[in-house]
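*Asks:* With the sequence up front, the predicted model follows.
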Amino acid sequence: MDEDIEKIWWTFPRFKIETMVTGLELPVNLAFIPEPTDNPDDPLLYVTELYGKVKVITNNWKVHIYADNLLNYEPNYEFPGTGESGLTGICVEPESGDIFVSMIYEDNEDVKNKLVRLKSKDGLKMDSMETILEDIPSIKAAHQMQAITIGFDGKLYVNIGEGMVNPEVAQDDSDLRGKVLRMNLDGSIPEDNPNPDSLVYAKGFRNPFGARWRKSDGSLYIADNGPAYDDRVAKVEAGKNYGWPESMRQNSLFWSNLSQGITSLDFMQNGEFPYEFEDELFVAFFGSAYETGHAIKGKKIVKMKLNKDGSAVNSFDVFVRYMGKHAASPCGLSFGPGGLYFTDLHGEKNGPKHAASGNIFRVSSIIKAEGEITVPYTIENTSRCLCPGCPTRNECMRNRNQVLFCSQGKTECEVERRGCLCGECPIQGEYGLTEFYYCDEGAAKK
């Protein structure tokens, strides 16, 4: 772990944060290889850099340039302003390993959105580029084509902002702006779209920056930014209208009264964290375009518990928060091997212009402590554990969801000994725990 990094980034109890990659130039979104190999020189993940590069990080955490000079104009680096736009969304096609990315481009004096497919023989350097969709009006000030995902149906889903200038286009069925689009991988219209003659899957969005699929209900969730209020998370369903420009709350799952700059989101659904975080939604709140220091708006990652059908948020907690003095703030976010990964666009040390100091961080669980007996935090073990009924387990421990805490290490809660069930617990015998009151004394050692 980096020296003093936890003074700059606060993390949820029993988690740690590490710097995995540094020296990136405005890293926006990241996408992991669906099934990475064990070869240290093979690709692990890709990251878009706002001003026209795609970087690939291999399994040994070395950084390579996959594609360069993808923008056909010179950015002006203004935050806030026209420097906020460029190369943003990215996803990996599982079968071929091809990469889809979204960007804006200049066509004479017009600015437009474009979706391209990048191909490579080895996944390390682009060999060719194919345009999938283009000629959609945009501007150089965000609200462009953003997140790209591949659904469980194998179709490509693309978020497009309404372009800021004429927000009413979000309600115009003949205009692709302010929509979530659904298409075949070659850009053609699927026959089972809500309108078989249109790419439009759902409408009424303002600046839908992030998107992710939830396994438990098979649905797409997006993050959409409001004007000065009502940033939201919404479950996207075929043919629905999400209200903009009249409303940012229509058919929304969550909204914030104060604009937070929500950028990206992902579900913990592949065991990267202990099981009690299963199916929780993690959302990056970026904040203002370029604000230094600890801020009221954004500069954090929150976690939400949704109900089973994705119609309500049952809980909301800050999971990561920036505590430094500079412009760093979470932007892209994705679960990957060993934890939750996120980018910070500006980085910690440099100013807003030409700053190659953006990072990729990983947040991981520290529920296992080196040198201690640890019990795997599984549904099976917790169902057999007697800790929930222990007389010593108090309100503090319950609030922290500490179930297997007696075998995981000393709790940070104040302990008043009121009796112990450890000797009767099947976990105690199976894992050779030899002491009582582990919550007070720490886990026993072999």
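*Replies:* Perfect, I can see it now.
*Asks:* CA atoms for contacts and neighbours, from now on please.
*Replies:* Noted.
*Asks:* where exactly do the strands run in the stretch 201-350 of the chain?
*Replies:* Taking DSSP state E, counting those that start in this stretch as the criterion, the stretch 201-350 of the chain carries its strands at 208-214, 219-224, 231-236, 254-256, 262-267, 281-285, 300-306, 313-322, 330-336, 339-344.
*Asks:* Quick one: closest of the ones you listed to Glu106.
*Replies:* For the strands of the stretch 201-350 of the chain, the distance to Glu106 is smallest for strand 208-214, at 21.0 Å, taking C-alpha to C-alpha.
*Asks:* related to what we said a few turns ago, need the strands of the stretch 201-350 of the chain in TSV (columns: mean pLDDT, mean neighbour count and distance to Phe79).
*Replies:* Listed next are these as TSV, based on pLDDT from 0 to 100; neighbours: other C-alpha atoms under 10 Å; distance: least, C-alpha to C-alpha, whole Å:
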stretch	mean pLDDT	mean neighbour count	distance to Phe79
strand 208-214	98	25	17
strand 219-224	98	23	20
strand 231-236	98	24	20
strand 254-256	95	18	23
strand 262-267	97	27	16
strand 281-285	98	26	17
strand 300-306	97	21	19
strand 313-322	95	16	19
strand 330-336	97	26	14
strand 339-344	97	24	15
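*Asks:* can you tell me which of the ones you listed comes nearest to Asn399?
*Replies:* Of all the strands of the stretch 201-350 of the chain, it is strand 313-322 that lies closest to Asn399, at 12.4 Å by C-alpha to C-alpha.
*Asks:* The closest one pairs with which strands, parallel or anti?
*Replies:* In the sheet containing strand 313-322, the strands it pairs with under DSSP bridges are strand 9-11 (antiparallel), strand 300-306 (antiparallel).
*Asks:* that older thread, format the strands of the stretch 201-350 of the chain as CSV; extra columns: distance to Cys425.
*Replies:* Written out in CSV, the entries for the strands of the stretch 201-350 of the chain read as follows (distance: least, C-alpha to C-alpha, whole Å):
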stretch, distance to Cys425
strand 208-214, 36
strand 219-224, 40
strand 231-236, 42
strand 254-256, 41
strand 262-267, 33
strand 281-285, 33
strand 300-306, 30
strand 313-322, 31
strand 330-336, 34
strand 339-344, 30
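*Asks:* As JSON lines, the strands paired with strand 313-322 with distance to Ser120 would be great.
*Replies:* As requested, the strands paired with strand 313-322 are exported to JSON lines (distance: least, C-alpha to C-alpha, whole Å):
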{"stretch": "strand 9-11", "distance to Ser120": "36"}
{"stretch": "strand 300-306", "distance to Ser120": "33"}
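*Asks:* Can you say which of those strands is nearest to Phe319?
*Replies:* It is, among the strands paired with strand 313-322 and with distance given as C-alpha to C-alpha, strand 300-306, at 4.9 Å.
*Asks:* quick one: contacts of the closest one?
*Replies:* Under the criterion C-alpha atoms under 8 Å, 6 or more residues apart in numbering, residues 279-286, 312-322, 329-330 lie in contact with strand 300-306.
*Asks:* Check stretch 184-199 too.
*Replies:* Judged by C-alpha under 8 Å, 6+ apart, the contacts made with stretch 184-199 from elsewhere in the structure are 132-133, 154-156, 176, 181-183, 200-201, 238-239.
*Asks:* repeat that with 7 Å
*Replies:* Residues outside stretch 184-199 that contact it (C-alpha atoms under 7 Å, 6 or more residues apart in numbering) are Ile132, Leu133, Lys155, Leu156, Leu181, Arg182, Met183, Tyr201, Ala238, Gly239.
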